[in-house]
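1. Based on what follows, work out the 3D shape:
(one chain, ligands or ions: 1)
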Amino acid sequence: MRGTLLHRRLKWIVWSVLLSDKLYTPMSRKNKTRFRITKSMVCTVPAIDAPKLSLDFVRSMYRSLNEMQASVFYTVREWCLKRVWGHNPEPFFYFISGGAGCGKSHVIKCVYQEVTKILRQLPRFRDEADMSQPAVLLTEFTGTVAFNISGKTLHSVLKLPRNLRLPYQGLGNALDEVRAALSNAEILIIDEISMVSKELFAYVHWRFQQIKGNRKPFGGMSVLAVEDFYQLPPVGKVKQVCACVGDVLDLWKDFQMVTLTGIMRQKDDRAFAELLNRIRTKKKTDPFIVSLLTQAVAEIKDCDALHIFATNKEVDAHNAATVTALHLQVINIPAEDYRKDPQTGGMVILTDLKGNSRDLPDNIQAAQGARVMVTRNLDTEDGIVNGTFGTIANIVPTAGCGPTMVKLIGLELDNPTAGQKFRRKIPGATDDLVYIERLEEKMSKRGVVRRQFPMKLAFGCTAHKVQGMTMKSAVVCLKRVFESGMAYVALSQTTSLEGLRIIDFEENKIYADPNVTIAMENMSHASFQSTRPLLHFVKLAEHAGPTLTVVHHNAEGLPPHLEDLKSHHELGLADVLCVTETHLSGSFVSPKFQLEGYDMFAHNRHVSYTNRVDMATKDGGGVAVYCRSSLRAETRRYFHNVTDLEFSVFKVESPVRALIATVYRPPNFGLDTFLPNMQSLLDSLEIMDCQPVVVCGDFNEDLLSRGKKVIRELFQSRSLSPLRRLKSRH
Ligand SMILES: Nc1ncnc2c1ncn2[C@@H]1O[C@H](COP(=O)(O)OP(=O)(O)OP(=O)(O)O)[C@@H](O)[C@H]1O
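-> Got it, this is the predicted structure:
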């Protein structure tokens with residue numbers, strides 16, 4: 001039995017928080033040792049393992065979550081726990097929205113880490129001992145974002161065809177392979193949902209129905225869709241998933257929206273963050289609202305910050321001008337084109353062939369130090385994808401062919417973790433550059449093959465390429481902006497207004513799609529009240545006169561979890577935070593365990609037992625109470641006949657009077673000793689003449705099993721009524 005008991009009726013808020021009890025426990029040993037390699041690991045569907053992040057790193061990510069992000073995190077987490085406990089909750093369909101840079105990707109990275117770990121405790125993972133199959137699929141539309149959040153593209157995971165023909169084209173011979181890889185998946189996360197068309201969304205739904213053999217939406221999978229429909233829509237004339245279109249299957253109507261509001265990218269420039277929020281939903285006809293932006297309007301010359309344009313034509317012109325302006329030695333690298341001779345079968349070299357925009361480039365202007373971008377998905381898992389940015393650091397010529405015959409281009413990537421497989425390509429060299437070779441591709445002209453480096457200069461790029469990036473400085477050109485959301489995306493990537501420069505400023509180029517506004521207004525909203533009850537109650541109590549918020553939390557060790565305590569949004573609301581299992585030792589408590597704004601009263605295990613040396617010398621246990629410094633709290637240490645009990649008692653006089661006791665009973669601590677001590681403590685509390693009495697703690701009595709519940713009966717016999725009873729872990 002864990003929880004809080006209260007003597008006599010009272011209207012105050014007392015809560016026992018267990019939310020993060022097991023949050024940071026690494027995967028159990030049992031699971032680790034049972035890991036084995038199975039056939040499905042070697043199939044051609046991309047491996048979808050949770051990225052290997054250190055426990056410390058994951059913890060720091062969880063701690064950083066703001067209030068709204070944490071609500072999403074805990075809601076999905078709770079759903080997973082229910083699945084693991086066999087409660088069969090209905091699949092959820094959430095849409096996480098919010099302006100550019102409000103941490104949508106950040107929160108799904110956290111969700112992915114945590115729920116992958118939880119769902120691996122499902123019986124089928126445990127029984128099959130097969131950890132290679134993913135329980136959670138983390139996917140995106142484009143490769144760049146896929147790498148940024150360590151996910152995969154939707155197309156690669158589900159083997160979707162480029163051309164989404166109707167009626168639905170099934171998986172055919174590939175069904176067994178995809179089923180073997182994905183049949184245990186429970187949750188699908190789709191980032192960049194604004195780039196997913198209605199047709200693609202329907203295809204994803206049909207794919208899962210086929211893979212799972214289940215007629216439910218998405219084959220019974222839960223779906224977490226993430227993005228901001230006010231950002232860039234899918235390329236071409238196709239409709240976004242949120243659009244209302246009569247004749248296309250509408251799966252979107254089942255989704256509930258949650259909006260993240262705190263802008264994290266521009267968190268150090270509040271004025272800019274607020275301005276971006278207004279720009280996000282700005283109608284074309286809205287009166288002038290962006291005066292602050294005019295501060296960023298400037299004449300720009302020879303600036304090497306990334307220039308963001310609307311069209312590829314503008315990008316190409318800027319790149320060509322900048323490479324010659326900034327670099328003296330520019331090497332022209334022409335494409336190598338061939339056609340197969342139908343008579344001889346040999347390859348005939350072609351010269352001066354003009355490709356179109358889908359082909360590899362006709363020429364590349366390369367120079368040491370020039371900014372470039374990879375233009376093909378060479379290796380999504382390794383982060384070498386269309387949109388990977390870097391700087392040319394080495395141009396390696398083909399041996400004996402002169403400087404213009406280039407064999408390799410060595411890049412220093414902006415993201416140093418990407419491209420591990422592309423390093424150390426030059427025998428004997430010690431550099432750590434990422435080396436790109438020519439790629440061979442069929443051209444759009446029939447029968448012609450082109451060999452060229454899959455890259456282009458990137459002093460400038462289109463708004464489509466920067467969506468989701470975070471940068472210190474950029475120059476944005478609004479001249480040829482041609483669709484809604486484009487200006488917003490281009491303007492919202494820098495961390496501050498100071499880092500932003502705008503050329504060809506035209507306010508009427510900044511506008512949102514009115515259909516998106518209508519679609520967002522019509523969406524139902526998710527309520528996360530049940531996963532953050534304390535926040536809700538404290539809000540309600542704000543207008544209800546003086547209150548005292550008492551929270552009990554089993555910390556499972558203060559040393560590893562102190563930072564979690566500090567960053568937990570609900571624990572931070574407590575006036576009195578009662579902690580059990582502090583795992584502190586000795587009689588002295590280091591000041592590092594203090595919480596700012598609270599006085600700490602700790603009672604460690606070693607000083608809690610007089611007659612039971614066996615208990616006093618054991619590690620673990622212990623209680624501590626953090627009491628807001630503004631409260632007039634008075635602690636009492638010694639009670640008659642309470643000689644062997646881990647407890648703490650103190651009295652609060654203001655804003656309301658109360659006597660609060662925190663108790664921890666170790667699981668193996670016999671009732672023959674515990675009960676008389678507990679009785680004596682309750683006797684003493686009764687005669688202290690302070691009402692009400694709140695007793696909270698962890699008593700390790702299994703309320704779910706049959707048989708007598710002597711501890712509960714003891715409390716009942718003293719008129720202590722349970723305020724909230726939570727399931728024991730035993
Ligand atoms: N809770 C947080 N604490 C600290 N940093 C955060 C937090 N949430 C997000 N960030 C940081 O803010 C920046 C923007 O976050 P993120 O890319 O997740 O936003 P986004 O909403 O996905 O943006 P976009 O819509 O542009 O893709 C990143 O640098 C990210 O690391």
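2. what's the neighbour count on the residue of the stretch 301-450 of the chain found nearest the ligand?
-> Using C-beta to the nearest ligand atom, the closest approach of the stretch 301-450 of the chain to the ligand is made by N415 at 12.4 Å. From N, CA and C alone the C-beta is placed, and that goes for glycine too. Neighbour count of N415, defined by other C-beta atoms under 10 Å: 14.
3. From T495, how far off is the residue nearest to it when sequence neighbours are not counted?
-> Excluding the flanking residues, the one nearest N415 by C-beta to C-beta, 6 or more residues apart in numbering is G383, at 6.1 Å. G383 sits at a distance of 22 Å from T495 (criterion: C-beta to C-beta, to the nearest Å).
4. Those two: which is more packed in?
-> G383 (24 against 20).
5. Now the residue of the stretch 301-450 of the chain closest to the ligand: phi and psi?
-> phi -100, psi 100 (degrees, to the nearest 10).
6. Verify the contact between it and I384 for me.
-> No. Taking contacts as C-beta atoms under 8 Å, N415 lies outside contact range of I384: 10.0 Å.
7. Name all residues that make contact with R83.
-> 89, 119, 122, 186 (C-beta atoms under 8 Å, 6 or more residues apart in numbering).
8. Residue of the stretch 251-400 of the chain nearest the ligand, please.
-> Nearest residue of the stretch 251-400 of the chain to the ligand: M264, at 3.5 Å (C-beta to the nearest ligand atom).
9. What parts of the stretch 451-600 of the chain come near the ligand?
-> Residues of the stretch 451-600 of the chain found near the ligand (C-beta under 6 Å from any ligand atom) are 468, 470.
10. re earlier: between the contacts of R83, which has the most around it?
-> Busiest of these [other C-beta under 10 Å] is L119, holding 22 neighbours.
11. Which pLDDT value does the model give the closest residue to that residue other than its chain neighbours?
-> Once flanking residues are discounted, L119 sits nearest to A135: 3.5 Å by C-beta to C-beta, 6+ apart. Looking at A135, its pLDDT is 89.
12. so what's A135 up against?
-> 115-116, 119-120, 122, 125, 184-187.
13. got these as TSV, with distance to H327 columns?
-> TSV is the format used below for those (distance: C-beta to C-beta, whole Å):
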residue	distance to H327
V115	48
T116	46
L119	52
R120	51
L122	56
F125	54
N184	52
A185	48
E186	52
I187	48
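14. Now, those that are in helices?
-> Judged by DSSP state H, the contacts of A135 include 115-116, 119, 125 as members of helices.
15. Nearest to the ligand among these?
-> Here the nearest of the ones in helices among the contacts of A135 to the ligand, counting by C-beta to the nearest ligand atom, is V115; it sits at 17.3 Å.
16. what about the residue of the chain found nearest the ligand, how many neighbours?
-> Across the chain, no residue is closer to the ligand than G103, which sits at 2.7 Å (C-beta to the nearest ligand atom). G103 has 22 neighbouring residues, counting by other C-beta under 10 Å.
17. got a list of what the nearest residue to it once chain neighbours are set aside touches?
-> Distances taken as C-beta to C-beta, 6+ apart place M264 nearest to G103, at 4.2 Å, with adjacent residues excluded. By C-beta under 8 Å, 6+ apart, the contact set of M264 is 66, 101-103, 106.
18. likewise R358?
-> R358 sits in contact with S444, where contact means C-beta under 8 Å, 6+ apart.
19. that's a strand at it, yeah?
-> No. Remark: R358 does not belong to a strand; assigned using DSSP: H, G, I helix; E, B strand; the rest coil, it is coil.
20. Tell me the spacing between it and L659.
-> 76 Å.
21. Check Q210 too.
-> Note on Q210: its distance to L659, by C-beta to C-beta, is 63 Å.
22. Give me the more crowded residue out of the two.
-> The neighbour comparison of Q210 against L659 (other C-beta under 10 Å) goes to L659, with 20 against 17.
23. Isn't the more buried one up against V693?
-> Yes. Taking contacts as C-beta under 8 Å, L659 lies within contact range of V693: 4.8 Å.
24. Mind listing the shared neighbours of these two?
-> Contact criterion C-beta under 8 Å, 6+ apart; residues shared by L659 and V693: L685.
25. shaky segments in the stretch 251-400 of the chain?
-> For the stretch 251-400 of the chain, the stretches flagged by pLDDT under 70 are 288-290, 301-302, 400.
26. again, only using 90
-> Applying pLDDT under 90 to the stretch 251-400 of the chain flags residues 251-254, 261-271, 273-275, 277-279, 282-305, 325-328, 339-353, 356-358, 377-387, 397-400.
27. which bits of the stretch 101-250 of the chain sit near the ligand?
-> Residues of the stretch 101-250 of the chain lying near the ligand (C-beta under 6 Å from any ligand atom): 101-106, 228.
28. how about the residues you listed in JSON lines, adding secondary structure?
-> Shown next, in JSON lines, are those (three-state DSSP):
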{"residue": "G101", "secondary structure": "coil"}
{"residue": "C102", "secondary structure": "coil"}
{"residue": "G103", "secondary structure": "coil"}
{"residue": "K104", "secondary structure": "helix"}
{"residue": "S105", "secondary structure": "helix"}
{"residue": "H106", "secondary structure": "helix"}
{"residue": "D228", "secondary structure": "coil"}
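29. All set, thanks.
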